[in-house]
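>>> Build the 3D model from these lines:
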Amino acid sequence: MLEFNMPVHEGWNIVHIAMQVPECHQIYVCPENCARGVVMTAYEMGAQDRFSCVSVSERDLIVDNLETVTIDGVSNVVEELREGSELPRVIFLFTVCSHRILSCDFNYVFKTLRDKFPEIIWVHAFMDCIAQKEGPTPDMKLRKAMYEFIPKTHSDEQIVNILGSEVTATRENNDLIKQYESHGYKVRQLADIKTFDEYMQLGNAALNICMLPHGDYGVRNFSERLGIPYQYKLPYYDKIDLGWIRPELESARNVIGDTPIVIDSMAVVCPYSFAEFLLDNSFNVFAVISDGPADYEQGIFEKLQEKYPSLITINPIDPVLREEKYRENLIKKADSSKILGIGPMAGWVFDTPYFVNQIENDGAYGNLGVKALFEKIREAVNIPKDIEKTVVQKGLGSERCLFG
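Next comes the predicted model:
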């Protein structure tokens with residue numbers, strides 16, 4: 001099935017995600033056409049000194065065996081790194097679709113590399129696009145692999161880890177952080193960690209929290225392995241304190257009026273829950289951009305179809321979105337000279353400069369999260385953005401990975 005890849009690049013890819021581990025190095029063993037995207041990301045980040053590729057040719061696949069090609073190529077990279085500086089503490093070795101198709105013996109590859117370079121922690125990561133539609137996706141498996149080598153440790157402090165997401169939550173936009181810090185806990189996120197030694201202390205937490213569906217698989221496994229209590233806290237909007245948030249609602253309603261709103265799933269983790277919240281509070285939500293409701297929103301989606309049947313869903317990977325005329329017809333259906341987008345995909349699809357530029361809820365949760373989002377909405381309505389310059393930025397939400 002053909003899929004459309006719209007020119008909106010603000011989400012994090014596997015290069016961004018793995019770079020969160022300080023003092024790591026990434027090695028990709030793949031054909032050159034597969035390497036193009038990750039190479040560009042590494043150079044755009046200015047992280048080319050922490051990134052290497054082993055090019056696999058057609059001849060390598062036919063004449064040689066992939067195990068030998070991988071071991072020899074990676075070994076050459078490590079020897080070059082040894083000559084230039086200290087060896088990295090951990091190496092993420094990314095294998096690709098070719099390894100899967102040819103049934104590469106991963107156990108042999110990694111045992112050989114660990115025996116040859118015992119001073120390095122070797123992490124098996126994946127860039128196997130053919131596995132996107134079954135089981136954990138490559139980014140989910142990466143979020144699991146990046147915690148698998150962390151040991152259980154002890155701290156005299158009471159620490160709560162918020163893991164599994166790339167953006168950084170704050171005390172100003174997240175009820176959980178405010179709650180735990182007010183009770184004397186130290187809240188720790190990956191953006192707070194500057195060295196590999198600090199990273200290896202993640203196992204000393206009293207509690208792990210994850211707020212992102214794609215992070216749950218990895219953080220849950222990490223928590224179970226080390227016996228750390230775990231909470232999976234999706235940012236739904238059904239428990240928002242309307243009395244507390246009412247001034248924000250009224251202020252936003254005065255600014256937005258009947259302007260049609262489009263919510264995209266890149267910006268809002270629970271887009272149908274947020275659509276229901278806005279519609280129940282008399283906002284004009286026209287569409288949700290999503291490839292359909294996730295399991296955790298299926299019930300909300302079905303309820304929305306009954307309560308608000310005019311709400312439409314736009315699939316972001318539908319090839320018809322390539323057609324400018326189709327997108328123009330969507331804009332005509334919205335029937336307004338001004339459209340408010342919540343998320344960069346909404347900005348691009350509806351060609352509106354009035355959009356909230358964020359991904360993954362921007363780490364927001366609870367009442368404070370809604371308050372912070374309404375502040376962004378009021379700003380977005382009044383201050384237009386340059387769509388083409390804004391939506392091409394990659395790795396939005398972190399100083400380490402923001403550029404463009």
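
>>> Could you use CA atoms for every contact and neighbour count after this?
OK.

>>> quick one: contacts for residue 266?
If you count contacts by CA atoms under 8 Å, 6 or more residues apart in numbering, residue 266 has them with 11, 343-345, 358-360.

>>> what does the lowest-mean-pLDDT helix or strand in the chain contact?
Lowest mean confidence among the helices and strands of the chain (mean pLDDT, DSSP states H and E): helix 58-62, at a mean of 81. Under the contact criterion CA under 8 Å, 6+ apart, helix 58-62 has outside partners 66, 69.

>>> CA-only coordinates of that helix, as CSV, when you get a sec.
The C-alpha trace of helix 58-62 is given here as CSV (Å, rounded to 0.1, in the frame of the first residue of the first chain):
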residue,chain,number,x,y,z
GLU,A,58,24.7,-5.7,-3.6
ARG,A,59,27.8,-7.8,-4.0
ASP,A,60,28.2,-8.0,-0.3
LEU,A,61,24.7,-9.6,-0.1
ILE,A,62,25.3,-12.0,-2.9
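
>>> In CSV, list the C-alpha atoms belonging to stretch 42-57.
Listed next in CSV are the C-alpha coordinates belonging to stretch 42-57 (Å, rounded to 0.1, in the frame of the first residue of the first chain):
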residue,chain,number,x,y,z
ALA,A,42,23.2,13.4,12.1
TYR,A,43,24.8,16.2,10.1
GLU,A,44,21.8,18.5,10.6
MET,A,45,22.2,17.9,14.4
GLY,A,46,25.9,18.6,14.2
ALA,A,47,26.4,15.1,15.7
GLN,A,48,28.4,13.6,12.8
ASP,A,49,31.3,12.8,15.2
ARG,A,50,29.0,10.4,17.1
PHE,A,51,27.7,8.7,13.9
SER,A,52,29.1,6.2,11.4
CYS,A,53,27.8,4.1,8.5
VAL,A,54,29.0,0.7,7.1
SER,A,55,27.9,0.6,3.5
VAL,A,56,26.5,-2.7,2.3
SER,A,57,26.6,-3.3,-1.5
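
>>> how near is residue 22 to residue 120?
Distance of residue 22 to residue 120, given as CA to CA, to the nearest Å: 14 Å.

>>> That should have said residue 244, apologies.
Distance from residue 244 to residue 120, by CA to CA: 52 Å.

>>> neighbour count winner among these two?
Comparing residue 244 with residue 120 by neighbour count (other CA atoms under 10 Å), the higher total belongs to residue 120, at 17 against 12.

>>> next SSE after the least confident helix or strand of the chain?
Counting by DSSP states H and E, the element after helix 58-62 in chain order, helix or strand, is helix 66-84.

>>> Name the surrounding residues that touch that next one.
The contact list for helix 66-84 (CA under 8 Å, 6+ apart) reads 27, 29, 52, 54, 56, 60, 87, 99, 102, 104-106, 108-109, 112-113.

>>> do the same with stretch 123-138
14, 90-97, 100, 110, 139, 141-142, 145-146, 217.

>>> Tell me where the stretch 101-250 of the chain has helices.
Secondary structure of the stretch 101-250 of the chain (DSSP state H, counting those that start in this stretch): helices at 106-116, 138-145, 175-182, 196-199, 213-226, 242-256.

>>> can you check the stretch 251-400 of the chain too?
Under DSSP H, counting those that start in this stretch, the stretch 251-400 of the chain gives helices at 271-280, 298-307, 324-334, 344-349, 366-382, 387-390.

>>> Give me the distance between the residue lying farthest from the centre of the chain and residue 106.
For the chain, the residue at maximal distance from the C-alpha centroid (CA atoms, centre = their mean) is residue 63, at 38.5 Å. Distance of residue 63 to residue 106, computed by CA to CA: 19 Å.

>>> How about residue 378?
Distance of residue 378 to residue 106, given as CA to CA: 52 Å.

>>> Neighbour count for those two, which is higher?
residue 378 (21 against 15).

>>> give the contact list for that one.
By CA under 8 Å, 6+ apart, the contact set of residue 378 is 252, 255-256.

>>> same thing but at 10 Å, please
Going by CA atoms under 10 Å, 6 or more residues apart in numbering, residue 378 touches 248, 251-256, 340, 354-356.

>>> ok, those residues vs residue 41, which is closest?
Lowest distance from residue 41 to the contacts of residue 378 (CA to CA) belongs to residue 356, with 23.8 Å.

>>> what's the neighbour count on the closest one?
Residue 356 - counted by other CA under 10 Å - has 26 other residues nearby.

>>> cool, and residue 48?
Neighbour count of residue 48, defined by other CA under 10 Å: 15.

>>> My guess is it contacts residue 39. True?
Yes - using CA atoms under 10 Å, residue 48 makes contact with residue 39 at a distance of 8.0 Å.

>>> Okay, domains of the chain per the record?
The record's domain parsing of the chain by automatic domain parsing lists 22-145, 159-232, 242-390.

>>> returning to what we had before: for the helices of the stretch 101-250 of the chain, could you give me CSV that also reports mean pLDDT and distance to residue 128?
Converted to CSV, the helices of the stretch 101-250 of the chain look like this (pLDDT from 0 to 100; distance: least, CA to CA, whole Å):
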stretch, mean pLDDT, distance to residue 128
helix 106-116, 97, 14
helix 138-145, 95, 7
helix 175-182, 97, 35
helix 196-199, 97, 27
helix 213-226, 97, 16
helix 242-256, 94, 43
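
>>> among these, which is nearest residue 206?
helix 213-226 (10.2 Å).

>>> re earlier: tell me the most packed of the contacts of residue 378, by neighbour count.
Counting neighbours by other CA under 10 Å, residue 355 leads the contacts of residue 378 with 32 neighbours.

>>> How confident was the prediction at it?
Residue 355 carries a pLDDT value of 97.

>>> ok, now which ones touch it?
By CA under 10 Å, 6+ apart, the contact set of residue 355 is 261-263, 339-348, 376-385, 387.

>>> Just the buried ones from those residues?
Neighbour counting with 16 or more other CA atoms under 10 Å marks 261-263, 339-348, 376-381, 385, 387 as buried within the contacts of residue 355.

>>> Excluding covalently adjacent residues, which one is nearest to residue 330?
The shortest distance from residue 330 to any residue other than its chain neighbours is 7.3 Å, reached at residue 350 (CA to CA, 6 or more residues apart in numbering).
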